[in-house]
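Colleague: Have a look at this fold, sequence not included:
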């Protein structure tokens with residue numbers, strides 16, 4: 001598979017697709033072939049749909065989170081919830097990890113939020 005990608009960072013791309021997005025799986029033991037995993041694709045498509053419907057409406061997202069909290073197994077929907085978070089951050093203009101929805105999902109699923117460091121502000125003597 002690496003030869004098909006014919007790129008210097010082909011292995012990095014495959015690792016990203018497999019480890020971060022969980023869109024592919026390497027067939028063992030040869031590790032020469034991959035297969036696509038459909039659950040993450042469906043989760044991301046559903047996440048995109050929700051972002052299209054709810055946008056930046058915090059009250060709709062609160063209702064969504066209440067419904068999600070009543071699921072029998074929070075771990076069973078973790079992939080979907082993280083996909084919703086990723087879709088929100090990707091599609092909402094100016095969205096940040098610290099916005100209501102991404103922050104709530106991160107808290108529920110123990111996802112660390114990395115806030116980029118801010119440059120020091122100049123303070124003028126008063």
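Modeller: Thanks, I have the structure now. All values derive from a computational prediction rather than experimental measurement.

Colleague: name the helices or strands packed onto the helix or strand where residue 25 lies?
Modeller: For residue 25, the host element (DSSP states H and E) is strand 24-26. Applying 3 or more CB pairs under 8 Å, 6 or more residues apart in numbering; DSSP states H and E, one finds that strand 24-26 contacts strand 34-36. For every residue, glycine as well, the C-beta is placed using N, CA and C.

Colleague: The next helix or strand after the strand it packs on: which residues count as buried?
Modeller: Per DSSP H and E, the first helix or strand lying C-terminal to strand 34-36 is helix 38-54. Neighbour counts over helix 38-54 (16 or more other CB atoms under 10 Å) mark 40, 43-44, 47-48, 50-51, 54 as buried.

Colleague: again, but for stretch 101-115
Modeller: Within stretch 101-115, the residues scored as buried using 16+ other CB under 10 Å are 101-102, 104-106, 108, 111.

Colleague: Name the residues that touch it?
Modeller: 58, 61, 65, 69, 74, 78, 81-82, 84-85, 88-89, 95-98 (CB atoms under 8 Å, 6 or more residues apart in numbering).

Colleague: One more pass at 7 Å, please.
Modeller: 61, 65, 74, 78, 81-82, 84-85, 88-89, 97-98 (CB atoms under 7 Å, 6 or more residues apart in numbering).

Colleague: In a markdown table, list those along with neighbour count, pLDDT and secondary structure.
Modeller: Converted to a markdown table, those look like this (neighbours: other CB atoms under 10 Å; pLDDT from 0 to 100; DSSP: H, G, I helix; E, B strand; the rest coil):
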| residue | neighbour count | pLDDT | secondary structure |
| --- | --- | --- | --- |
| 61 | 21 | 98 | helix |
| 65 | 16 | 96 | helix |
| 74 | 13 | 84 | helix |
| 78 | 16 | 92 | helix |
| 81 | 23 | 95 | helix |
| 82 | 21 | 95 | helix |
| 84 | 27 | 97 | helix |
| 85 | 23 | 97 | helix |
| 88 | 23 | 98 | helix |
| 89 | 15 | 96 | helix |
| 97 | 15 | 94 | coil |
| 98 | 10 | 95 | coil |
